[in-house]
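> Sequence first, predicted coordinates after that:
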Amino acid sequence: MKLEGKAKMLRIHFGEDDKWNGKPLYRAIVEKCRALDLAGATVFRGIEGYGASTLIHRSHLLSFSPDAPIMVSVIDSEEKIQTLLPFLDEMVSEGLIAMSEVEVIKYVHQEGVRSE
Amino acid sequence: MIKAGPAKKVSIYVGQDQKYHGESVYAAILEFLFYRKVSGATVIRGVAGFGADHHLQTDRILVLTENLPMKVEFIETPEKVEELLPKLHEIVGTGLIEIQDTTIVKASESLKHAARQESAPALKHAETAKLMRIFIGENDKWNGKPLHTALIESMRANDIAGVTVYQGILGYGANRRIHKDGMLHLSHDRPMMLSVVDTEERLRAFLPLLDGMVQQGLVVFSDVDVIKYTHDYQEAERRKAVRP
């Protein structure tokens, strides 16, 4: 897989408790990205935040609802990202999806280690 | 800061259990007033009372479902009160808002405020720059030490303005393509992202070094506007001299 020059970065924000078909939404998104053969996806867990609902998401130890904010970041060419969007439309029922321009400087991996 | 003279006193009555976006209404009001820089506010909890619904609330021990009356009070200039009212209306819900004319005989003084006025306002510094994101794995090593640590150290040594390391909880990418039996949980090699902001020249100058260190991973650039605040003029001037 080659990825160079201008590319797009997609960031998807939602809550840790969000589910898709019974599994965590973030895991479902990463699996979908992999199934679509996108270059990569990374999930980050925030420690505090709020979103469209203005409900504060906090991951305090003693809190009853540790619904921490989650951000999934995906970088690939615009065409590849576009293949993911229809699925996200369906999967992300509450959240934010933002796309921005990036310039790929380096994308390296060891040849032949890719599992099928 | 509020001065002696005519002013408005606002009293807001709500129930202790009343909620606004998952938070107690009185706490939401207090937070709102605090961040809108109201000169002061007090929350008072009543021991008994009743409101529009004529349900008597008390703090008698046997009554477990207490919804005690809470009163939030603050004093501000008429203009400020006018400005705050629409939002207060929204937060207060079924509660009551009352405004009275009042006169401030002596305004309260803040030592901190007096001290702050002497110092100059924050120096704001805006320009365009580049944001570099580096995606690597937690287990990646460089000369025996974790790659993310090595990268931070070398950036610091090369006078890069600043870097933050984020640890992801799940992911795959160029360097994490090995997934046994297709499972995606690999708790021991978590994805790491370093985010670096500096001028394009500085970041490009660092790339050869980066090339030697990152064996697997992804490096991307994007445009950002830097808006920086600093209180330390001397330090800012010194830095400017070092890096024009």
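On my side now, so go ahead. Quantities reported herein were computed from a predicted structural model and do not represent experimental measurements.
> and the residue lying closest to residue B:78 once chain neighbours are set aside, what is it in contact with?
Closest residue to residue B:78 apart from its sequence neighbours, by Cβ to Cβ, 6 or more residues apart in numbering or on different chains: residue B:8 at 5.2 Å. Just so you know, the C-beta spots here come from the backbone N, C-alpha and C atoms, and that holds for glycine as well. With contacts defined as Cβ atoms under 8 Å, 6 or more residues apart in numbering or on different chains, residue B:8 is in contact with B:75-78, B:81, B:99-102.
> And residue B:8, how far from residue B:84?
Using Cβ to Cβ, to the nearest Å, residue B:8 is found at 10 Å from residue B:84.
> Equivalent analysis for residue B:133, please.
Residue B:133 is 40 Å from residue B:84, by Cβ to Cβ.
> Same question for residue B:67.
From residue B:67 over to residue B:84 (counting by Cβ to Cβ), the distance is 25 Å.
> same deal with residue A:31?
Separation of residue A:31 from residue B:84 (Cβ to Cβ): 48 Å.
> buried residues in the longest strand along chain A?
Longest strand of chain A, by residue count under DSSP state E: strand A:96-108. Buried residues in strand A:96-108, defined by neighbour count with 16 or more other Cβ atoms under 10 Å in any protein chain shown: A:102, A:104-107.
> Could you restrict these to the ones contacting chain B?
A:102, A:104-107 (Cβ under 8 Å from any Cβ of the partner chain).
> How about the residue in chain A positioned nearest to chain B, nearest residue that isn't a chain neighbour?
Nearest to chain B in chain A, going by Cβ to the nearest Cβ, is residue A:40, at a distance of 2.9 Å. Nearest-residue entry for residue A:40: residue B:173, 2.9 Å, with adjacent residues in sequence omitted and distances by Cβ to Cβ, 6+ apart.
> Would you agree that neighbour is in contact with residue B:193?
No - using Cβ atoms under 8 Å, residue B:173 is not in contact with residue B:193, being 10.3 Å away.
> Pick out whichever of these two has more residues nearby.
When residue B:173 and residue B:193 are compared for neighbours, residue B:173 comes out ahead with 24 against 20, by other Cβ atoms under 10 Å in any protein chain shown.
> now the helices for chain A?
A:25-35, A:78-91 (DSSP state H).
> Kindly report the same for chain B.
Applying DSSP H to chain B gives helices spanning B:25-35, B:78-92, B:111-118, B:147-157, B:200-213, B:233-242.
> lowest-confidence stretch among the ones you listed?
Lowest mean pLDDT within the helices of chain B: helix B:111-118, at a mean of 53.
> what about stretch B:9-23, how long is it end to end?
25 Å (Cα to Cα, to the nearest Å).
> Check whether it comes near chain A.
Yes - judged by Cβ under 8 Å from any Cβ, stretch B:9-23 and chain A are in contact via B:21-23.
> Number of residues surrounding residue 39?
Chain wasn't specified; assuming chain A. By the criterion of other Cβ under 10 Å, residue A:39 has 23 neighbours.
> looking at chain B here, not the other one
Counted by other Cβ under 10 Å, the residues lying close to residue B:39 total 19.
> Could you pull up the contacting residues of it?
So residue B:39 contacts B:1-2, B:74-76, B:107-108 (Cβ under 8 Å, 6+ apart).
> quick one, what contacts residue A:106?
By Cβ under 8 Å, 6+ apart, the residues touching residue A:106 are B:210-211, B:214, B:217-219.
> so residue B:3 touches residue B:105, yeah?
No - counting by Cβ under 8 Å, residue B:3 stays clear of residue B:105, with 11.2 Å between them.
> separation between the residue in chain B positioned nearest to chain A and residue B:209?
Taking Cβ to the nearest Cβ, chain A has its nearest neighbour within chain B at residue B:173, 2.9 Å off. Separation of residue B:173 from residue B:209 (Cβ to Cβ) stands at 22 Å.
> in stretch B:189-199, what counts as buried?
Applying 16+ other Cβ under 10 Å to stretch B:189-199 flags B:190-194, B:196-199 as buried.
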